[in-house]
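Student: sequence plus predicted model, see below.
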Amino acid sequence: MKLASFNDFRIGVVHEALVHDVTACVPSWLDAMPDQRMRWLIENWHDALARVQVAARTAQGRPLAQVKLLAPVPAPSHVFAAPANYEKHIGELGERAITKKGRSAREQGFFLKAPGSLVGAGDAIYLPRGSQRRFDHESELAVVIGKHGRDIPRENAMEYVFGYSCLMDITMRIEPGTGEEERSMRKSFASFTPMGPYLVTADEVSTPGRLRNRLSVNGEIRQDANTSELIVGIEELIELVSSVLPVRPGDVIATGTPAGVGPLVAGDKVTISIEQVGEFTLPVIEAAVTSPRAY
């Protein structure tokens with residue numbers, strides 16, 4: 001099933017370019033905090049599934065082009081991310097790289113991106129106004145956690161996966177000797193974590209460890225790889241993260257980017273496509289206002 005968050009955090013089931021509103025399947029008290037509707041649905045999926053299926057069949061569909069798609073999980077507790085998780089990506093940034101040569105996510109662990117940096121397929125990527133820094137795209141498969149867990153061994157890890165989505169990890173690069181901010185900050189500007197176009201439940205993704213992952217800028221393919229090339233696979237990533245702190249329904253794990261990362265500038269159009277999961281395109285725009293602390 002393909003689940004979307006759209007407009008004012010309504011929940012829809014996507015089928016053949018139509019979205020069927022199933023928001024009535026979540027409790028009305030969530031109207032006070034609508035960005036939590038999807039997390040509630042994920043956590044209560046076993047009990048809610050039958051209602052969602054009936055609602056999806058009976059609700060009139062609206063064309064996807066007529067709604068604004070938000071990040072499918074608009075407000076997760078955590079957005080975990082794996083650094084240096086494709087062999088060919090390690091070292092390609094030269095002096096801008098911060099992962100020590102030869103080290104991968106297995107040694108480095110994970111870092112965090114701010115959940116507030118998430119946007120959906122109906123939004124845009126906003127670069128700081130007037131910045132002379134370099135901003136790069138990174139194309140990643142996102143794993144969404146389906147239930148609470150702690151100290152999860154990798155052999156049981158897939159039991160905790162609710163579904164998958166496409167995710168771009170937009171990054172402000174360091175400038176050695178002048179700008180060497182913390183990784184989490186450089187990747188957490190508002191709009192720097194586009195995710196979407198929807199959340200595909202795990203039962204619809206037969207081979208998450210063998211998915212083609214592509215990203216293009218203005219029609220030019222920049223990244224083209226396969227999740228089979230991950231150094232630390234999905235199971236081990238869940239083991240790694242849950243060995244540090246509990247995972248919760250709706251938590252997002254960005255699995256890492258392959259080689260081919262490159263700069264973005266205002267006016268670009270960026271497309272991410274992951275087989276069995278989805279595809280979307282976002283424009284890159286210069287922010288309207290210069291921040292008081294400019295980058």
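Tutor: Perfect, thanks for sending it. Numbering: from 1, shown residues only.

Student: hey, which helix or strand in this protein has the poorest pLDDT?
Tutor: Within the chain, no helix or strand scores below helix 105-108, which has a mean of 90 by mean pLDDT, DSSP states H and E.

Student: ok, and for that one, which residues are buried?
Tutor: Ala105, Gln108 (16 or more other CB atoms under 10 Å). (Glycine included, C-beta is placed from N, CA and C.)

Student: isn't there a helix covering Val244?
Tutor: No. Counting by DSSP: H, G, I helix; E, B strand; the rest coil, Val244 falls outside a helix, being coil.

Student: check which helices and strands the helix ranked longest in the chain sits against.
Tutor: Ordering each helix of the chain by length in residues (DSSP state H) puts helix 45-58 first. Packed against helix 45-58 by the contact rule (3 or more CB pairs under 8 Å, 6 or more residues apart in numbering; DSSP states H and E) you find strand 10-15, strand 18-21.

Student: could you tell me the angle between the first one and helix 45-58?
Tutor: Relative orientation of strand 10-15 versus helix 45-58 (axes from the mean of the first three to the mean of the last three CA atoms, to 10 degrees): 70 degrees.

Student: neighbouring strands for strand 10-15, and are they parallel or not?
Tutor: When sheet partners are counted by DSSP bridges, strand 10-15 sits next to strand 2-6 (antiparallel), strand 18-21 (antiparallel).

Student: got the buried residues for it?
Tutor: Arg10, Ile11, Gly12, Val13, Val14.

Student: and the nearest residue to the last one once chain neighbours are set aside, how many neighbours does it have?
Tutor: Across the structure, with CB to CB, 6 or more residues apart in numbering as the measure, the residue nearest Val14 apart from its sequence neighbours is Lys2 (4.0 Å). Counted with other CB atoms under 10 Å, the neighbours of Lys2 add up to 19.

Student: which residues touch the longest helix of the chain?
Tutor: Met1, Val13, His15, His20, Asp21, Val22, Ala24, Cys25, Val26, Leu41, Gly146, Phe162 (CB atoms under 8 Å, 6 or more residues apart in numbering).

Student: next structured bit after it?
Tutor: strand 61-63 (DSSP states H and E).

Student: and the residue most central in space within the chain, how close does it get to Phe135?
Tutor: Geometric centre of the chain, nearest residue: Leu167, 3.3 Å, by CA atoms, centre = their mean. Relative to Phe135, Leu167 is positioned 16 Å away (CB to CB, to the nearest Å).

Student: circling back: buried subset of the contacts of helix 45-58 as a PyMOL selection?
Tutor: This is how PyMOL selects the buried members of those, with burial counted by 16+ other CB under 10 Å:
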select buried, resi 1+13+20+21+22+25+26+41+146+162
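
Student: can you lay out the contacts of helix 45-58 as a markdown table showing pLDDT and distance to Ile90?
Tutor: Formatted as a markdown table, these follow (pLDDT from 0 to 100; distance: CB to CB, whole Å):
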| residue | pLDDT | distance to Ile90 |
| --- | --- | --- |
| Met1 | 98 | 36 |
| Val13 | 98 | 39 |
| His15 | 96 | 40 |
| His20 | 98 | 43 |
| Asp21 | 98 | 44 |
| Val22 | 98 | 42 |
| Ala24 | 98 | 48 |
| Cys25 | 98 | 44 |
| Val26 | 98 | 42 |
| Leu41 | 98 | 37 |
| Gly146 | 98 | 31 |
| Phe162 | 99 | 30 |
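
Student: if we can go back for a sec, and the strands paired with strand 10-15: which comes nearest Ser117?
Tutor: Across those, Ser117 has its closest neighbour in strand 2-6 (15.8 Å, CB to CB).

Student: what's the residue nearest to Val14 in contact with, if anything?
Tutor: Val13, Val14, His15, Tyr198, Leu199, Val200, Thr201, Glu204, Gly278.

Student: can you redo the buried residues of strand 10-15 as JSON lines with distance to Ser242?
Tutor: Listed next are those as JSON lines, based on distance: CB to CB, whole Å:
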{"residue": "Arg10", "distance to Ser242": "31"}
{"residue": "Ile11", "distance to Ser242": "27"}
{"residue": "Gly12", "distance to Ser242": "30"}
{"residue": "Val13", "distance to Ser242": "29"}
{"residue": "Val14", "distance to Ser242": "30"}
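
Student: which one is Pro258 nearest to, not counting chain neighbours?
Tutor: Spatial nearest neighbour of Pro258, chain neighbours left out: Ala225 (3.3 Å); criterion: CB to CB, 6+ apart.

Student: can I see the domain layout of the chain?
Tutor: Following automatic domain parsing, one finds the domains of the chain at 2-66, 79-286.
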